[in-house]
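# Here's my sequence, what's the structure:
(2 chains)
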Amino acid sequence: MSILGTRVVRTEDPLFLTRGATYTDDLVDDRLTGALHVTFVRSQVAHGRLLSVDTSAAREAPGVVAVYTAEDCADLAPIPAGLPMVPPAMQRPWLAQGKVRFVGDIVAVVLTEERYQGEDAAELVSVDIDPLPAVVTTADAAAGEVLLFEDAGTNVMATFGEPAPADFFSGCEVVVEQRMVNQRVAPVPLETRAAAAAWGDDGRVTIWCTNQGAQQAKGEIAGWLGMDPARVHLITPDVGGGFGAKIGADPEYAFTAWLAQRAGRPVRWTENRSENLVGMLHGRGQDQTVRIGGRRDGTIEAYSIAVDQDGGAYPRVGIILPTLTMLMAAATYAFPKVHAHGRALATNTTSIGAYRGAGRPEATAAVERAIDLFAAEIGMDPAEVRRKNLVPSFSEPHTTPSGATYDSGEYTAALEKALEAAGYDELRAEQARRRERGEARQLGIGLSTYVEITGADTGLGSAESAELEVHADGTATVLTGTSPHGQGHATAWAMLASDQTGIPVEKITVLHGDTDRIPRGGGTMGSRSLQQGGAAVHQAAVELVALAKQRAAERLEVDAADLELDLAGAGLAVRGTPGAGVTLAELAADEPLLVQTRFEAAAPTFPFGAHVAVVEVDVESGKAELQRLVAVDDAGTIVNPLLAEGQRHGGYAQGVAQALLEEVLYDADGNPQTSTLADYPFVSATELPSFELVDMATPTPINPLGAKGIGEAGTIGSTPAVHNAVIDAVAHLGVRHIDMPTTPMKVWRAIQQAQQGGSNA
Amino acid sequence: MKVSMTVNGQQHTDDVEPRLLLAHYLRDVLGLKATNIGCDTTSCGACTVIVDGLSVKSCTVLAAQADGSQVTTLEGLAGPDGELHPMQKAFREEHGLQCGFCTPGMVMAAIGVLADNPDPSDREVREGLEGNLCRCTGYHNIVRAVRSAAQAGPAAGQVPQDQEVAR
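So this is what the prediction gives:
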């Protein structure tokens, strides 16, 4: 029986559970002996003219080796806007020059002998800023009265498409429109950002940093610093979570290389959480306008979405999120007409990046709310409206009006499974009883169906590298270009290699994240790892066995066709001749037994599913509590159910958190209100139930494993299900819509407004 | 100033700054890097260790305050022959960890939960771990792991240094 599909416990865990993983701040390395500590001095003002930075007192503080301001790094070219559609003036100086553009903009940097000395000295840096009005919302940004980059002449960072034609909904019996907020959230990997850098005598710099793909991070750092990439050696230690926010490099990482060179000593930097919550990329941050039109029998004829993406102060990957939201606008539905357009706008806030799902949760949240709004408008059960409009089962590629080509889908089956597992009819009956009795704790039932894109080519290609070497002692090493940070690749990739070679999982070491040993790699993001990186490992194992067969044939002087794989013995046996054969280890003793390969995915894949959320809302306080989350997630063939379920659980939690709790807030002057974990309502164990998982596996033809991505699906499906459930709980009180997060205050206000006869939305 | 404490059964005496946090003492002075620091507001619990039988957040305790104490960190849980503590074993079997950053604190806090209540319900585990944040697991498998560890008997709520552990 194949090891694939079984619940193999993680090979990573014994070390993680006894000594702890080795994150960047944990590194003990000779090259970092005597490293200076880096402390960034950040703007406390969102928008203003930077008049002066006085470092004289800080320079005199104990342990201070150097303090640098913008004039000290004149040799560094500003970080370019990056994407061709962005006005070139929207570049970022390494240290703020002339202006500060968000609370967290770097104005100076302090190098000290010890960690605590850095914080002491940073407080002595005197920064004089003449405040300007802050641009805090996308509406402020679009008004354009205050510009972040005067030379750009606009706050628009990028524009995608044109508004829908005026007659787009003509002929529809019913048209519903809603503006909704897909709020800004903080990714909050438990490990904050950290980096270290040391120069060698050979003129090369070694950079250690926490990231989701060493090769991409290296490329960005070398590019920003104007260095030959061959002079950068980037190492990814263990990584304490990423969720998209650690894709690529951050300027601070590159800065450590420059600082180490300038100071002539190795340096290291680990931010604290307060710095992280203003300095690390945020996620989501879309203001959406959706319109949905159709017939009173529940048939939807047209759907449109307009996206205003908050880009934050400097353009990062977040500005392209609208393109993914637009691509996935048609979702699981057979809408005949779909229109989507968007733009990204500059605001005096932390820049937006990718966060678990990155653009797709925003698409799903919008359309799933729209479906419920439409259902409410025509007085039809939301499950019935979905049934009427889902794309029927397909196994040949299906191209949507928004331009995505889905590989395979069974959306109705997923929905029916979820409804059945949840006991939908009984739930509706219970809801009716509570409504009838006017109970304080009302029941809400929320649905979502979703399809998302995984393994998408976002500019780095759709290929992944793998190397597999078998050693003479019977162990093997896998080198991968993917970059695990909790997913369990060391276990799953070992399973894939073991499945083809017979080498036991515990004898296979998986290495990643060292650009000298693994020059090519796409990292881990966009739920790509298994379907590309895992497929590459599978391919490497297949190729290695073929190579071993040739060598064995020569060694045993038999025809290669007479050899068969002996999985139990991790070798090749001569068919029909018991005892005759050779192990892979023995072949490796003769000469290195190694293959390097590259798997190129022909297309992205489109996992899908359906979620049912059950919430109780206390209509007197507005507090919503999630009681149940029933989730059908179909990500094709599962290699290790234990790991796949773990990905789903984590995804649900982050989705629930967005629906109920989490939001990054700024005041009208652009001051962050949620810059510690005491203020940011990070979801805890008490706010979540145990989840109810329902399995479904429709293999994809796109890769030999049949696997689609599972990393982000849970977040994409759960957010709208929970959001819809909260509104459903109070719909009978006249509430039509509540923006996320559905905090007690917002729910209570919505009820009050509805009861007073006003529309709440 | 001089501080002395027993960490994972070993006596240590060091000269430290009075303001040095216990978490930094363990990490930077003793080199015990399993204990992680995930916030600066005592919110996340990644730094949880056991001090004189109580599970505490070591980012909110000065090394000086732990003078004379018995401290147990993740590194002190497994037996001398490498045998995993029942809580470590349960976290592995139930896949109660992903990136591993919250794990050292979560495991120590979970031991504290069982010390208080040897056979907690799901809800009681969730309430007991409210001060320990995890971004990866959605807590689902952490709850399963703690309940599974509880079935291993009283050892799951104790540390090897034979301390009585209470939250």
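
# now the residue most central in space within chain B, what's its secondary structure?
Chain B has residue B:108 as the residue nearest its centroid, 2.4 Å off, counting by C-alpha atoms, centre = their mean. What DSSP: H, G, I helix; E, B strand; the rest coil gives for residue B:108 is helix.

# Quick check: the gap between it and residue B:26.
Distance of residue B:108 to residue B:26, computed by C-beta to C-beta, to the nearest Å: 12 Å. Just so you know, the C-beta spots here come from the backbone N, C-alpha and C atoms, and that holds for glycine as well.

# Please enumerate the shared neighbours of those two.
Counting by C-beta atoms under 8 Å, 6 or more residues apart in numbering or on different chains, the contacts common to residue B:108 and residue B:26 are B:49, B:73.

# The residue nearest to the centre of chain B: what's it in contact with?
Applying C-beta under 8 Å, 6+ apart, one finds that residue B:108 lies in contact with B:48-50, B:55, B:72-74.

# For residue B:141, grab phi and psi.
The phi and psi torsions at residue B:141 (degrees, to the nearest 10) take the values phi -80, psi -20.

# so who does residue 63 touch?
No chain in the question, so chain A it is. Contacts of residue A:63 (C-beta under 8 Å, 6+ apart): A:112-114, A:117-118, A:121.

# oops, I was thinking of chain B
By C-beta under 8 Å, 6+ apart, the contact list for residue B:63 reads B:3, B:5, B:14, B:16, B:20-22, B:24-25, B:29.

# Give me the pLDDT for it.
On pLDDT, residue B:63 comes in at 98.

# And it, how close does it get to residue B:36?
17 Å.

# ok, now residue A:163?
From residue A:163 to residue B:36 the distance is 48 Å (C-beta to C-beta).

# count of neighbours near residue 74?
Going with chain A. 9 (other C-beta atoms under 10 Å in any protein chain shown).

# that's the wrong chain, I meant chain B
28.

# how near is it to chain A?
Distance of residue B:74 to chain A, given as C-beta to the nearest C-beta, to the nearest Å: 6 Å.

# All the helices of chain B, residue numbers only.
Under the criterion DSSP state H, helices of chain B are mapped to B:22-24, B:86-93, B:103-116, B:122-128, B:140-150.

# out of the ones you listed, nearest to residue A:600?
Evaluated with C-beta to C-beta, the helices of chain B place helix B:140-150 nearest to residue A:600, the distance being 34.6 Å.

# quick one: average pLDDT of the closest one?
On average, the pLDDT along helix B:140-150 is 98.

# Against chain A, how distant is residue B:21?
Applying C-beta to the nearest C-beta, the value for residue B:21 to chain A is 9 Å.

# Pretty sure that residue sits against residue B:65.
No - if you go by C-beta atoms under 8 Å, residue B:21 and residue B:65 don't touch, sitting 9.7 Å apart.

# neighbour-wise, which of these two wins?
Shown here are residue B:21 and residue B:65; by other C-beta under 10 Å, residue B:21 has more neighbours (23 against 14).

# Could you check how far the more buried one is from residue B:28?
Residue B:21 sits 10 Å away from residue B:28, going by C-beta to C-beta.

# Repeat that for residue A:110.
19 Å.

# go on, residue A:144?
Separation of residue A:144 from residue B:28 (C-beta to C-beta): 49 Å.

# which one of these two has more residues nearby?
residue B:28 (16 against 13).

# how about the nearest residue to the residue in the stretch 51-200 of chain A positioned nearest to chain B, chain neighbours excluded?
Nearest residue of the stretch 51-200 of chain A to chain B: residue A:190, at 3.9 Å (C-beta to the nearest C-beta). What sits nearest to residue A:190 in space, not counting adjacent residues and going by C-beta to C-beta, 6 or more residues apart in numbering or on different chains, is residue B:101, at 3.9 Å.

# Surely the one you found touches residue B:39?
No - between residue B:101 and residue B:39 there is no contact under C-beta under 8 Å: 11.4 Å.

# higher neighbour count, the two?
More crowded of residue B:101 and residue B:39, by other C-beta under 10 Å: residue B:101, with 32 against 26.

# OK, contacts around the more buried one?
Contact analysis of residue B:101 by C-beta under 8 Å, 6+ apart lists A:21, A:23, A:189-191, A:240-241, B:36, B:38, B:46.

# at 10 Å what do you get?
A:16, A:20-21, A:23, A:189-192, A:238-241, A:485-486, B:36-38, B:44, B:46, B:133-136 (C-beta atoms under 10 Å, 6 or more residues apart in numbering or on different chains).

# Tell me the spacing between it and residue A:194.
11 Å.

# Tell me the bridge partners for residue B:10.
Residues in a beta bridge with residue B:10, per DSSP bridges, are residue B:7.

# residues near it, how many?
For residue B:10, the tally of surrounding residues (other C-beta under 10 Å) stands at 10.

# cool, and the one 3 residues further on?
Counted with other C-beta under 10 Å, the burial measure for residue B:13 works out to 9 neighbours.

# which residues of chain B score low on pLDDT?
Scanning chain B for pLDDT under 70 picks out B:162-167.

# and residue A:196, helix, strand or coil?
Judged by three-state DSSP, the three-state class of residue A:196 is strand.

# Just give the nearest non-adjacent residue to it, would you?
Excluding its sequence neighbours, the residue lying closest to residue A:196 (C-beta to C-beta, 6+ apart) is residue A:268, at 3.8 Å.

# do you know how far the one you found is from residue A:42?
In terms of C-beta to C-beta, residue A:268 sits 18 Å off from residue A:42.

# which residues are contacting stretch A:571-579?
With C-beta under 10 Å, 6+ apart, stretch A:571-579 has contacts from A:474, A:501-503, A:545, A:548-549, A:551-553, A:555-556, A:558-567, A:580-587.

# pLDDT averaged over it, what's the number?
Stretch A:571-579 shows a mean pLDDT of 91.

# May I have the distance across it, first residue to last?
This stretch, stretch A:571-579, spans 11 Å end to end (C-alpha to C-alpha, to the nearest Å).

# List the contacts of residue A:655.
A:356-357, A:361, A:364-365, A:448, A:611, A:613, A:629, A:631, A:683, A:712-723, B:138.

# in which helix or strand would I find it?
Per DSSP states H and E: residue A:655 is located in helix A:641-660.

# Following element in sequence after that helix, please.
With DSSP H and E, the next secondary element past helix A:641-660 is strand A:692-696.

# mean confidence for that following strand?
Average pLDDT, strand A:692-696: 97.

# buried sites along it?
Residues of strand A:692-696 classed as buried: A:692-694, A:696 (neighbour count, 16 or more other C-beta atoms under 10 Å in any protein chain shown).

# Secondary structure class of the residue of the stretch 351-500 of chain A found nearest chain B, three-state.
In the stretch 351-500 of chain A, the residue found nearest to chain B is residue A:486; the distance is 3.3 Å by C-beta to the nearest C-beta. Of the three states, residue A:486 takes coil under three-state DSSP.

# wait, isn't it in contact with residue A:189?
Yes - contact status for residue A:486 versus residue A:189: in contact at 8.8 Å, counting by C-beta atoms under 10 Å.

# who's more crowded, these two?
Taking other C-beta under 10 Å, residue A:486 and residue A:189 do not tie; residue A:486 has more neighbours (30 against 26).
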